[in-house]
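S.K.: Next input, structure requested:
(one chain, ligands or ions: 1)
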Amino acid sequence: MNLIQDFWTQNVCVRRNAEQLDSRYTKFQAGPTGIMVHSTAAPGRMAKAFRDSWDIASGSDGKVFEKAVAAFLDNTEIRQCMPFNYRGYHAGGTANDSYIGFEICEPPGFKYGGGATMVGYDPEAQQPYFDAVYTQTAQLCAFLCKTFNIKPEYPNLICHSEGCTLGIASNHADVMHWWPKHGKSMDTLRADVAALLAGKEENEDMTDAQFAEFMGRYISGLRADKTAPSWLSPDVIQNAKNAGVITGDASGNLQLNGLVTRAEVIAMTSHYQLKG
Ligand SMILES: [Zn+2]
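M.R.: Residues are numbered from 1 along each chain as shown. Below is the predicted model of the structure:
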């Protein structure tokens with residue numbers, strides 16, 4: 001699962017959640033209870049393009065833009081647009097109050113006829129794309145089920161068209177207008193997510209040795225990093241060098257993104273005081 005956090009800054013939904021506009025938001029943030037799977041009905045438009053085009057405060061009609069999902073997913077990535085416990089605007093019904101919504105992007109190479117009919121869609125040619133998005137969908141659902149303690153069962157894990165049948169979402173056909181072309185359905189997804197969760201629990205615990213190894217790799221990665229954070233100006237770095245606050249390691253690498261120990265803080269402040 002390739003999850004990329006790329007949170008919106010302009011979309012009003014993010015601000016309303018951050019401000020906890022009303023009890024619908026605070027209640028959702030305390031713990032979503034379901035997941036609603038959507039697909040975009042926009043052939044060939046991939047996750048990042050969708051994420052970027054929805055990061056707006058108002059639409060071309062000048063009205064407040066009120067569409068928001070937690071993520072867009074395509075065959076290469078899951079582009080997360082806001083925290084998963086933020087209430088979104090995806091269902092066109094009361095499902096928005098308790099269901100996390102995400103959109104699966106649809107591949108290029110076909111068109112929509114009237115309504116939800118896919119015209120010129122070649123399931124055989126589209127199978128690799130479908131397999132990739134279906135796998136990521138199952139992985140994302142398993143992750144969300146685990147995070148929020150949601151059972152991957154009907155009616156907790158549903159798609160938009162099932163939400164319509166339940167009376168909690170608008171009348172859309174996604175994803176069941178598409179998935180059966182590949183022999184999949186929400187029932188297969190629920191079963192596959194349950195299997196992923198069952199498999200994960202057996203191997204859930206990490207040993208101390210594994211943890212130490214991961215941390216070791218993380219810290220040496222930081223130490224080897226020779227870049228400077230974009231907000232830190234070269235002047236400030238030079239002043240710190242002139243004042244003797246930082247000198248870098250044996251090879252002169254300042255490790256500006258590195259971690260600092262208490263001993264290093266003591267050394268840095270005493271250098272500064274001696275100079276000052
Ligand atoms: Zn939908």
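S.K.: got a pLDDT number for Asp205?
M.R.: For Asp205, the model assigns a pLDDT of 69.
S.K.: Likewise for Leu232?
M.R.: On the pLDDT scale, Leu232 is placed at 85.
S.K.: And it, how far from Gly258?
M.R.: For Leu232, the distance to Gly258 equals 13 Å [Cβ to Cβ, to the nearest Å]. (Glycine included, C-beta is placed from N, CA and C.)
S.K.: In terms of neighbours, single out the busier of the two.
M.R.: Neighbour comparison, Leu232 and Gly258: the larger count goes to Gly258, with 17 against 12 (by other Cβ atoms under 10 Å).
S.K.: how about that one, what does it touch?
M.R.: Residues near Gly258 by Cβ atoms under 8 Å, 6 or more residues apart in numbering: 222-223, 225.
S.K.: Quick check: the residue of the stretch 1-150 of the chain nearest the ion.
M.R.: Proximity to the ion, evaluated over the stretch 1-150 of the chain using Cβ to the ion, is greatest for His38 at 3.4 Å.
S.K.: and that residue, how many neighbours?
M.R.: By other Cβ under 10 Å, 22 other residues sit near His38.
S.K.: ok but it is inside a strand, no?
M.R.: Yes - applying DSSP: H, G, I helix; E, B strand; the rest coil, one finds His38 inside a strand.
S.K.: Need phi/psi at the residue of the stretch 151-276 of the chain found nearest the ion.
M.R.: Distance from the ion to each residue of the stretch 151-276 of the chain (Cβ to the ion) is smallest for His160, at 3.3 Å. The phi and psi torsions at His160 (degrees, to the nearest 10) take the values phi -60, psi -40.
S.K.: give the contact list for it.
M.R.: Contacts for His160 (Cβ under 8 Å, 6+ apart) come out as 36-38, 90-91, 169-170, 172-175.
S.K.: export these to CSV and tack on secondary structure and pLDDT?
M.R.: Formatted as CSV, the contacts of His160 follow (DSSP: H, G, I helix; E, B strand; the rest coil; pLDDT from 0 to 100):
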residue, secondary structure, pLDDT
Met36, strand, 98
Val37, strand, 98
His38, strand, 98
His90, coil, 98
Ala91, coil, 97
Ala169, coil, 97
Ser170, coil, 97
His172, coil, 96
Ala173, coil, 96
Asp174, coil, 97
Val175, coil, 98
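S.K.: Contact residues of the protein facing the ion?
M.R.: Proximity of the chain to the ion, by Cβ under 5 Å from the ion, involves residues 38, 160, 172, 174.
S.K.: Spell out the secondary structure type for Lys197.
M.R.: Lys isn't right for residue 197; it's Leu. Three-state call for Leu197 (three-state DSSP): helix.
S.K.: Neighbours of it, how many?
M.R.: Count around Leu197 with other Cβ under 10 Å applied: 16.
S.K.: residues near the residue nearest to it when sequence neighbours are not counted, how many?
M.R.: Nearest residue to Leu197 in three dimensions, chain neighbours excluded: Ala142, at 5.4 Å (Cβ to Cβ, 6 or more residues apart in numbering). Around Ala142 there are 21 other residues, counting by other Cβ under 10 Å.
S.K.: residue contacts, Ala142?
M.R.: Ala142 is in contact with 152, 193, 196-197, 200, counting by Cβ under 8 Å, 6+ apart.
S.K.: So which of those residues is surrounded by the most neighbours?
M.R.: Going by other Cβ under 10 Å, Val193 tops those with 26 neighbours.
S.K.: what sits against Met268?
M.R.: With contact taken as Cβ under 8 Å, 6+ apart, Met268 is in contact with 245-246, 260.
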